[in-house]
Every structure is written in C-alpha cells, then in structure tokens.
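1. Got a predicted model here, sequence first, then my questions.
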Amino acid sequence: MSAKVSLLSAQGLGCERNDRLLYSGLDFELKAGEICQLRGANGAGKTTLLKSLAGLTPLQAGRVVVSLVGAEAVPMQLGVEGSTMNWSQSGLGCCFIGHRSGVKSLLTPLENLLFWYRLNHHDSRADSALAEELRAALGWAGLEQSIDTQCAYLSAGQQRRAGLARLALTQASVCILDEPFTAIDADGVVLLERRLEALAAEGRIILLTSHHVPDIANLRQIELRQSA
Ligand SMILES: Nc1ncnc2c1ncn2[C@@H]1O[C@H](COP(=O)(O)OP(=O)(O)OP(=O)(O)O)[C@@H](O)[C@H]1O
C-alpha cells in the first residue's frame, strides 16, 4: 500500500456554481479507519465536493492537509485554493468511484479492471500474472459469470459491481465514493457495507455519499447544508 494517511483535514473549503454558493468555510477532519457519509439535499454540492477532494476539479477555496502515519508532526498540504489535489505527485493513493458505473461499455469487466489497475498502480507483473487477482476481485463483486462479457450487455447493477470491484484491489489509503449503493441489489448492499468496514479496519479513510443511511458500524455523518 502507498503511504498511509492518519488524518485528512479540510479547512475552509468553499465552492460556487452558476453564481450560487454551494458551501463555504467548510471544515472537517477524517481519521484513519473512519467511514464518513456526506449528507445533503439534491443539489447541495456533495458530488462537487467529492470531485474536488478526489482531484478531478480544482479547489475553489480553502485547503486540504494530510498527516501521514509515522510523520504526524509534519502535515503535508495536498490541495490549495485554485489547484487540484495532489494525490499522485505526493505518492498517496485516492480511489474515487463516481456516481456513474465508471466502466467502458466496449470492454469486459476484466478489461475494465485491468485498465483501472494499470492507471493506478505501479506493478511490473505481466497482465497474465495479474489475471487471477483481477478475476478474484470480480468474483467478490458477484460477476463470476460475466467477467468476459462486454459491459454494454450487462445490467445497470452488474455494471455498477464491475466498477466497485476496484474496492477489492485498491491500495489507496483514501476512498471517495459517490452513491456507491446505487443500482445494486440487497445482497450487493450488504457485500459493499462489509467491504467498506474491512477497508476501514485496515486504516483506510472512506468518504461516501448515499441518500439512505448504510448499515455500517461507527458510521460518521457530515451534513452539507444549502447556502442561502
Ligand atoms: N460544472 C458545473 N457547472 C455548473 N453548475 C454545476 C456544475 N457542477 C455542478 N453544478 C451545480 O451545482 C449544484 C450541486 O451539484 P452536485 O452534483 O454537487 O449536487 P449533489 O449534492 O451531489 O446532488 P444529488 O444529491 O442530486 O446528487 C447543482 O445545482 C448543479 O447543477
């Protein structure tokens, strides 16, 4: 696993879209091993916040600082107003799964997972040597029968599971998940809840959005309130 984050501190985050202030002066801290649900009404800015924390869009205001396990005394600035979060350059991993399935429809689940794995991990092993791990991850996600089927032919829930299979492989110490429970069935919900608990038990930080309250031990909640 890449270096482990012991604390992620968001300080004074703010964002405006279409001349509307979504949030401002937003402060929160996430500790290693915590699972935190970001709550808020439709349009409150949850996805916007998650995307900027994941480094997909710049931070409009505020900054994000992390402390690393074993080096807590020297916090590292990971993101600052006007720039995108520096996950890759800092050598820290962030696993982002957006509210869409995130899979390419022309590729199979196995090809999609391999593509994601290569983009996010430094691993010199040949594809053939990785195949077993990737197949196991897809098996965890309940896709044993569909591993080699083009994603275009899978159901919405199966496509979602193909994206979520990353959670069985990720080495990132921070996982940011936007509506991960969407489209998956009751068994899939339980599978995902247990997986998130297992990742947290390894000391990962999990930040997610969901419009229902997941059945997760020690779930923390942060409310994103609509600005006037
Ligand atoms: N790139 C953009 N340009 C203009 N407006 C945007 C952009 N991105 C988001 N918005 C607006 O910002 C607001 C917040 O959107 P966001 O998707 O973050 O909300 P959300 O809290 O995730 O909502 P939901 O619960 O419905 O998913 C919305 O009104 C949206 O239209």
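-> Good, I have the coordinates.

2. Need the three-state assignment for R161.
-> With DSSP: H, G, I helix; E, B strand; the rest coil as the basis, R161 sits in helix.

3. quick one, strands of the protein?
-> Along the chain, the stretches classed as strands by DSSP state E are 5-17, 20-31, 35-39, 61-68, 71-80, 94-97, 174-178, 205-209, 220-223.

4. Dump the ones you listed into JSON lines; add distance to N120 and mean neighbour count as well.
-> Just so you know, the C-beta spots here come from the backbone N, C-alpha and C atoms, and that holds for glycine as well. Output for the strands of the chain, formatted as JSON lines (distance: least, C-beta to C-beta, whole Å; neighbours: other C-beta atoms under 10 Å):
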{"stretch": "strand 5-17", "distance to N120": "16", "mean neighbour count": "18"}
{"stretch": "strand 20-31", "distance to N120": "21", "mean neighbour count": "16"}
{"stretch": "strand 35-39", "distance to N120": "21", "mean neighbour count": "21"}
{"stretch": "strand 61-68", "distance to N120": "18", "mean neighbour count": "19"}
{"stretch": "strand 71-80", "distance to N120": "17", "mean neighbour count": "14"}
{"stretch": "strand 94-97", "distance to N120": "7", "mean neighbour count": "22"}
{"stretch": "strand 174-178", "distance to N120": "12", "mean neighbour count": "25"}
{"stretch": "strand 205-209", "distance to N120": "17", "mean neighbour count": "24"}
{"stretch": "strand 220-223", "distance to N120": "26", "mean neighbour count": "13"}
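
5. between the ones you listed, which gets nearest to R166?
-> Checking those against R166 by C-beta to C-beta gives strand 94-97 as the closest, at 6.2 Å.

6. So which elements touch that closest one?
-> The helices and strands touching strand 94-97, judged by 3 or more C-beta pairs under 8 Å, 6 or more residues apart in numbering; DSSP states H and E, are helix 46-54, strand 174-178.

7. Convert that strand to CSV, retaining C-alpha atoms only.
-> Only the C-alpha atoms of strand 94-97 are listed here, as CSV (Å, rounded to 0.1, in the frame of the first residue of the first chain):
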residue,chain,number,x,y,z
CYS,A,94,-7.0,8.1,-3.7
CYS,A,95,-9.6,5.6,-5.0
PHE,A,96,-12.5,7.6,-6.5
ILE,A,97,-15.6,5.8,-7.7
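
8. contacts for it?
-> Outside of strand 94-97, the residues that reach it under the criterion C-beta atoms under 8 Å, 6 or more residues apart in numbering are 50-51, 53-56, 85, 87, 120, 163-164, 166-167, 170, 172, 174-178, 180.

9. Make a ChimeraX selection of the buried ones in the residues you listed.
-> For the buried members of the contacts of strand 94-97, the matching ChimeraX selection, counting by 16 or more other C-beta atoms under 10 Å, is:
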select :50,51,53,54,55,85,87,120,163,164,166,167,170,172,174,175,176,177,178,180
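
10. Identify the residue nearest Q221 in space, chain neighbours excluded?
-> Using C-beta to C-beta, 6 or more residues apart in numbering and skipping residues adjacent in sequence, the residue nearest Q221 is Q37, 4.9 Å away.

11. This completes my enquiry, with thanks.
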